[in-house]
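Trainee: curious how this folds, go ahead:
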Amino acid sequence: MPAEPIWPFDNSYARLPERFFARVRPTPVAQPGLVRLNEPLAEALGLEVAALRGKAGLAMFAGNRLPEGAEPIALAYAGHQFGQWVPQLGDGRAVLLGEVVDRDGRRRDIQLKGSGITPFSRGGDGRAPIGPVVREYLASEAMHALGIPTTRSLAAVTTGEPVLRERVEPGGILTRVAHSHVRVGTFEYFHWREDVDALRTLADYVIARHYPELADDARPHLALLKAVIDRTAELVAHWISVGFIHGVMNTDNTSLVGETLDYGPFGFLDAYHPRTCYSAIDIENRYAFDQQPRIAHWNLTRLAETLLPLLHEDEDEAVARAGEALNGFLPRFEACHHARLRAKLGLAESRRGDIDLAHELLDLMARQQADFTQVFRALSDERMDDPDEGRARRCFARPEALDGWRARWIQRLRQEGRPEPARQAAMRAVNPKFILRNHLAQWAVDAATERGDFGPMDQLLQVLTRPYDPQPEAEALAAPPRPEQQVYQTFCGT
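Mentor: Predicted coordinates for the structure are as follows:
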């Protein structure tokens, strides 16, 4: 096996004008140690696993050595953070090493997070504690296994150096893989500077790289806006279907390719309530669970504003075209959301009253503080002729509260006549048994931070990469938190 890892770099973003980024090298660290290498992802990227596990691979993941062909840059962008305009953000603790073309011909960004100071660090140290590295690794791989578009984690390393936040913590670096790191905030950066040439260059770049089918459209930039709206609507509907709360849906964390970007103060629902908000920095609950569709539309409106000069030379006409495109968000989201609700209830056909039936269940869950994931998984295992009136009843503080709804649900299922084993299998394929519950994530973070113990991380990864499988041996990891395990706030930690 080669001692030197070979990366199939074919960089394109680094060929854009210099004002799009800053050229910067990662800052070397004292004593790196490999925590985790994502071998299946490495193989999909066309990388040699054995070489990556060697000293040269570790040096690259730590930022101590650049792979051949890398052109490290920190990307420039701006953004609205919690609704407030920040004219310059940029990669303050991340370096894009370059782009590789994977075995399927897809272009993927390779980025080091926590790799040191960049020109966009704004007084920060550019580093990351190991805790947030563990959280993002777990979250991104769990989301991928759930079938949700997301960035991925290729490797996690310790740095051998302390990082000072509220306390001194061990440092870490994550190697993140993304289809793109272009954000709504990237467009806002040039919009704020009234740099229309850069906006056009960026839009054309995004079309050429991510939406090549739009290149010959009569109105390619309008088509781009519509495509991003559609992908974002689908993404948020998918989040909602598994109880995911992003926690920091700023425009600089809104991807142009409909990919979950940035795992800071995220969380998964335990007990269902639509206004659940875990993020410690979201003091106004702006990004609460049920607000995510509204915020996605708000962020897309900011994108549309940046594209106005490209949509039409007449401002009124440009605004009209953008408005028409934005009006397509809610129908697209509702279509995706409703389809997922039906699937979660085992309904193969679309009939009047289905969504009301779903909302009745959610209302019951909110009033009874029933666990979101457990209720839908229990319904997946339900037998219509169960003399004990079903497993899902046990998820409610007052089991009898579900009886009326369950009777209506069974009546609706019988209208379709689908064989029960087929219905159960279909439901189990969309209702996960295992999610990255907040207390489990904290368990892994605490073990890594306090004891350098990555056993809990490994244990969780083994389970979370098969979230729909029964895995009876891991039953404890499917359970909701006990009262003393409850996590009421999640933190960015960076």
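Trainee: any low-confidence regions in the stretch 1-150 of the chain?
Mentor: Scanning the stretch 1-150 of the chain for pLDDT under 70 picks out 1-3.
Trainee: now with 50, please.
Mentor: Within the stretch 1-150 of the chain, the segments meeting pLDDT under 50 span 1.
Trainee: contacting residues around the nearest residue to residue 397 once chain neighbours are set aside?
Mentor: The shortest distance from residue 397 to any non-neighbouring residue, by Cβ to Cβ, 6 or more residues apart in numbering, is to residue 368 (5.0 Å). Quick note: C-beta positions are derived from backbone N, CA and C, even for glycine. If you count contacts by Cβ atoms under 8 Å, 6 or more residues apart in numbering, residue 368 has them with 396-398, 401.
Trainee: which of those residues fall within helices?
Mentor: Of the contacts of residue 368, none are assigned to helices by DSSP state H.
Trainee: show me which pair in those residues is furthest apart.
Mentor: The distance between the two most remote of these (Cβ to Cβ) is 7.9 Å, for 397 and 401.
Trainee: between the two, who's got more neighbours?
Mentor: Set side by side, residue 397 and residue 401 show more neighbours around residue 401, with 15 against 9, by other Cβ atoms under 10 Å.
Trainee: name all residues that make contact with that one.
Mentor: The contact partners of residue 401, by Cβ under 8 Å, 6+ apart, come to 364, 367-368.
Trainee: and these as CSV, adding distance to residue 265 and secondary structure?
Mentor: Shown next, in CSV, are the contacts of residue 401 (distance: Cβ to Cβ, whole Å; DSSP: H, G, I helix; E, B strand; the rest coil):
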residue, distance to residue 265, secondary structure
364, 28, helix
367, 27, helix
368, 27, helix
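Trainee: still on that earlier bit, which of the contacts of residue 368 lies closest to residue 375?
Mentor: When these are ranked by distance to residue 375 (Cβ to Cβ), residue 396 comes first, at 8.0 Å.
Trainee: and the closest one, how many residues sit next to it?
Mentor: Applying other Cβ under 10 Å, we find 19 residues neighbouring residue 396.
Trainee: for residue 267, see how far away it is.
Mentor: Using Cβ to Cβ, to the nearest Å, residue 396 is found at 22 Å from residue 267.
Trainee: same check, this time on residue 386
Mentor: Taking Cβ to Cβ, one finds residue 386 at 33 Å from residue 267.
Trainee: so these two - more neighbours on which side?
Mentor: Per other Cβ under 10 Å, whichever of residue 386 and residue 267 has more neighbours is residue 267, with 24 against 14.
Trainee: can you tell me how far the more buried one sits from residue 247?
Mentor: 6 Å.
Trainee: overlap in contacts, the two.
Mentor: Common neighbours of residue 267 and residue 247 (criterion: Cβ under 8 Å, 6+ apart): 278-279, 490.
Trainee: filter the residues you listed down to the buried ones, ChimeraX style.
Mentor: To isolate the buried members of the shared contacts of residue 267 and residue 247 in ChimeraX, using 16 or more other Cβ atoms under 10 Å:
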select :278,279,490
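Trainee: isn't residue 199 right next to residue 186, touching?
Mentor: No - with contact defined as Cβ atoms under 8 Å, residue 199 does not reach residue 186; the gap is 9.8 Å.
Trainee: show me which of the two is the more surrounded one.
Mentor: More crowded of residue 199 and residue 186, by other Cβ under 10 Å: residue 186, with 30 against 23.
Trainee: so the more buried one makes contact with residue 88?
Mentor: No - between residue 186 and residue 88 there is no contact under Cβ under 8 Å: 11.7 Å.
Trainee: remind me, longest strand of this structure?
Mentor: If you go by DSSP state E, the chain has its longest strand at strand 152-164.
Trainee: what residues of that strand count as buried?
Mentor: 152-159, 163.
Trainee: for that strand, packing partners?
Mentor: Counting contacts by 3 or more Cβ pairs under 8 Å, 6 or more residues apart in numbering; DSSP states H and E, strand 152-164 packs against strand 33-37, helix 39-44, helix 55-62, helix 130-145, strand 168-178.
Trainee: chain center to the second one, what's the gap?
Mentor: So the one you mean is helix 39-44. Its chain's C-alpha centre and that of helix 39-44 lie 19 Å apart, by Cα atoms, centre = their mean, to the nearest Å.
Trainee: show me what the helix or strand just after it is packed up against.
Mentor: Remark: after helix 39-44, the chain's next helix or strand is helix 49-52, criterion DSSP states H and E. When contacts are defined as 3+ Cβ pairs under 8 Å, 6+ apart, helix 49-52 packs onto helix 39-44, helix 55-62.
Trainee: following the longest one, which helix or strand shows up next?
Mentor: Along the chain past helix 55-62, the next helix or strand (assigned with DSSP H and E) turns out to be strand 73-75.
Trainee: need the contact partners of that following strand.
Mentor: 13-14, 20-24, 90-92, 94-96, 118-120, 181, 186.
Trainee: again, only this time at 7 Å
Mentor: 14, 21-24, 90-91, 94-96, 118-120, 181 (Cβ atoms under 7 Å, 6 or more residues apart in numbering).
Trainee: starting at the chain centroid, how far to that strand?
Mentor: Distance of strand 73-75 from the chain centroid (Cα atoms, centre = their mean) equals 21 Å.
Trainee: and what of stretch 344-364?
Mentor: Counting by Cα atoms, centre = their mean, stretch 344-364 is centred 26 Å from the centre of its parent chain.
Trainee: same thing with stretch 385-400?
Mentor: Distance of stretch 385-400 from its chain centroid, counting by Cα atoms, centre = their mean, is 33 Å.
Trainee: mind listing what's buried along stretch 117-134?
Mentor: For stretch 117-134, the neighbour count (16+ other Cβ under 10 Å) marks 117-118, 120-121, 125-134 as buried.
Trainee: that stretch spans what distance, first to last residue?
Mentor: 21 Å (Cα to Cα, to the nearest Å).
Trainee: now that stretch: how far from the chain's centre is it?
Mentor: Centre-to-centre, stretch 117-134 and its host chain are 20 Å apart (Cα atoms, centre = their mean).
Trainee: what's it in contact with?
Mentor: Around stretch 117-134, the neighbours that count as contacts under Cβ under 7 Å, 6+ apart are 22, 24, 27, 74, 76, 89-93, 95, 113-116, 156, 158, 163, 165, 169-174, 444-445, 448-449, 457, 493-494.
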